[in-house]
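Visitor: sequence first, then the predicted structure:
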Amino acid sequence: MRIFHLSAECYPVAKVGGLADVVGALPKYQNLAGMQAAVVMPYYDRKFVRENEFETVFSAATLLGTRRLYFEILKEKTDKLGFELYLVKIPGLIDREEVYSYPDEREQFIAYQLAFLDWISYSQQTPDIIHCHDHHSGLVPFLMQYSKLYTRLARIPTVFTIHNGQYHGAFGWDKLSYLPEIDLSKTGLLDWAGGINPLAAAVKCCWKYTTVSPSYLEELTTNSNGLEYLFYLEHAKGYGIINGIDTEVWDPKTDPMIAENFSVKLPAKGKEANKVALCARFGLSLDKPLVAFIGRLVIEKGADLLAAAMEESFNEHPGQFNFLLLGAGDKDLEQELLQLRDFYPDQFNVFIGYDEALAHLVYAGADFLLMPSRVEPCGLNQMYSMRYGTLPMVRSTGGLKDTVVDFGDEGGYGIRYDNASVEDICGAVSRAIVLYDNNKHLQTLRKIMMALDFSWDRSAKEYINLYESLNPVI
Ligand code: ADP
Ligand code: GLC
């Protein structure tokens, strides 16, 4: 079965968050299970692209309104990622460094989708399944069915995965002319709340949609930034499939980015060596529990609560724990956190920025990982941290709820709390401090977590079963 994954991100080509990790791993594991999965993404002027060889497999021109855009489809020559990687390059529009946030990003993502459809429609590349990820490729299922240009593709099943239902990629009807000629009786399928909404259009037009955890499937009906009723109506078409993690990239036994490798059999010494490296780098004392946060500094992640919660916890437990943050995002939050550092110099430090290697070291060297997310469709951080023996402190939501069991419950190993609030975070910190004092208990929980299986094998098969249920015409 030949599957094309469409995504704006894919590790290690271009990563902003977990979407990249998933799209960089799922196809690899599908291929190991006998599929032929490939990734088609926009071209980025980034290290991976500059340092690897590509060949042009197709070129043509597409129309974005009245703009004629020359495009190329480039294929990575060696399939070294474990899948075929294709990049859509449009000089002047899709050939830049950043993934998001350009003023013309609507045009970029529409053009990316049109170039992809032109390519598979005019060449011999006919996949059995087209699997779109998030709103950046959300117009594809609609266009395949209702644009006269792509009638050849109408019978190919489409699957749409929602990694983040808060972002819809919506734009005004004034941009309808960017789409090729469509069946005008179907424009309602593009619409939500008076605009063209690619996420809503995808949910309406795909054959099946999935969310990246079972809990998130339900939560979208009550919290999806205005699409709640749509998710309620379409619920029967939805499946919750929990993400896995790439256990080759994220393996404390072999990870080249950490200070000392370690395994589930004898984690204590290796964890300690990584903590030593981390504390030395950030000027933190070694003898205290180290709580860390890694992530985008946005409200969804509860990042706005961190400064107040840490201040309160430091007052409640003076000198009893350290906190280290690795993240970037909202500029005001970045400033607030940097300022707090001056008040607690040897207990609190922040690294503002994106640093893949440092993230690995933090998962390996911290004792606890805090995730007070308001919304967490799946969350990969908690799974990485557990694999590296670091106890997750998570708010009970979305994928966090589906992957972490509180250590107070039968068979449990993590810390859970109900609310994204300063009070609940402080409560979790207090529990972490008490647990850290009981080293034997902590070591036992560490071993339980490290032995958990979060590999992609099971979830990759669940996607394959879903594809098979759509009876692709092979
Ligand atoms: P999201 O995709 O919503 O940001 P996930 O938990 O799915 O959240 O994935 C986040 C991914 O991004 C993880 O691989 C995490 O380690 C990584 N990450 C987030 N922020 C940073 C950062 N500042 N530096 C390095 N890695 C980061
Ligand atoms: C999104 C979600 C995150 C999820 C990731 C990968 O970015 O915010 O929870 O883990 O996608 O599916």
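Guide: Happy to help now that I have it. Ligands and ions are numbered 1, 2, ... in the order given.

Visitor: show me which residues of this structure sit near ligand 2.
Guide: Residues of the chain found near ligand 2 (Cβ under 6 Å from any ligand atom) are 17-19, 22, 163-164, 212, 243, 376-380, 399. Bear in mind the C-beta positions are built from the backbone N, C-alpha and C, glycine included.

Visitor: so what's the closest residue to ligand 1 within the chain closest to, chain neighbours aside?
Guide: The nearest approach of the chain to ligand 1 comes at residue 18, 2.0 Å away (Cβ to the nearest ligand atom). In space, and not counting its chain neighbours, residue 18 is closest to residue 380: 4.5 Å by Cβ to Cβ, 6 or more residues apart in numbering.

Visitor: list the contacts of whatever helix or strand residue 270 lives in.
Guide: Secondary structure assignment for residue 270, by DSSP states H and E: helix 267-282. Residues outside helix 267-282 that contact it (Cβ atoms under 8 Å, 6 or more residues apart in numbering): 252, 258-263, 284-286, 290, 322, 324, 349, 351, 361-362, 364-367, 388-389, 443, 446-447, 450.

Visitor: and it, how far out from the chain middle?
Guide: 27 Å (Cα atoms, centre = their mean, to the nearest Å).

Visitor: okay, it in PDB with CA atoms only?
Guide: Output of helix 267-282 as PDB, limited to C-alpha atoms (Å, rounded to 0.1, in the frame of the first residue of the first chain):
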ATOM      1  CA  PRO A 267      19.700   4.000  35.500                       C
ATOM      2  CA  ALA A 268      20.900   5.700  38.700                       C
ATOM      3  CA  LYS A 269      24.600   6.300  37.700                       C
ATOM      4  CA  GLY A 270      23.800   7.500  34.200                       C
ATOM      5  CA  LYS A 271      21.000   9.800  35.400                       C
ATOM      6  CA  GLU A 272      23.300  11.300  38.000                       C
ATOM      7  CA  ALA A 273      26.100  11.900  35.400                       C
ATOM      8  CA  ASN A 274      23.600  13.800  33.200                       C
ATOM      9  CA  LYS A 275      22.300  15.800  36.100                       C
ATOM     10  CA  VAL A 276      25.900  16.700  37.000                       C
ATOM     11  CA  ALA A 277      26.400  18.000  33.400                       C
ATOM     12  CA  LEU A 278      23.100  19.900  33.400                       C
ATOM     13  CA  CYS A 279      23.600  21.500  36.800                       C
ATOM     14  CA  ALA A 280      27.100  22.500  36.000                       C
ATOM     15  CA  ARG A 281      26.000  24.100  32.800                       C
ATOM     16  CA  PHE A 282      23.200  26.100  34.400                       C
END
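
Visitor: pLDDT weak spots in this structure?
Guide: For the chain, applying pLDDT under 70 flags the ranges 472-474.

Visitor: list the contacts of the residue of the stretch 301-450 of the chain found nearest ligand 2.
Guide: Ranking the residues of the stretch 301-450 of the chain by distance to ligand 2 (Cβ to the nearest ligand atom) places residue 378 first, at 3.5 Å. Each residue near residue 378 by Cβ under 8 Å, 6+ apart is listed here: 18, 163, 212-213, 216, 242-243, 398-399, 402-403.

Visitor: A helix includes it, no?
Guide: No - counting by DSSP: H, G, I helix; E, B strand; the rest coil, residue 378 falls outside a helix, being coil.

Visitor: in this structure residue 418 contacts residue 428, no?
Guide: No - in this structure residue 418 lies outside contact range of residue 428 using Cβ atoms under 8 Å: 10.6 Å.

Visitor: between these two, which one's more packed in?
Guide: residue 428 (24 against 10; other Cβ atoms under 10 Å).

Visitor: what's the helix ranked longest in the chain packed up against?
Guide: Counting by DSSP state H, the longest helix found in the chain is helix 105-122. Contact analysis of helix 105-122 by 3 or more Cβ pairs under 8 Å, 6 or more residues apart in numbering; DSSP states H and E lists strand 2-6, strand 36-42, strand 54-64, strand 67-76, strand 84-89, helix 140-146 as its packing neighbours.

Visitor: how about stretch 229-238: buried residues?
Guide: Within stretch 229-238, the residues that count as buried by 16 or more other Cβ atoms under 10 Å are 230-231, 234, 238.

Visitor: residue ranges of the helices in the stretch 101-250 of the chain, please?
Guide: For the stretch 101-250 of the chain, the helices defined by DSSP state H, counting those that start in this stretch cover 105-122, 140-146, 198-205, 214-219, 228-233.
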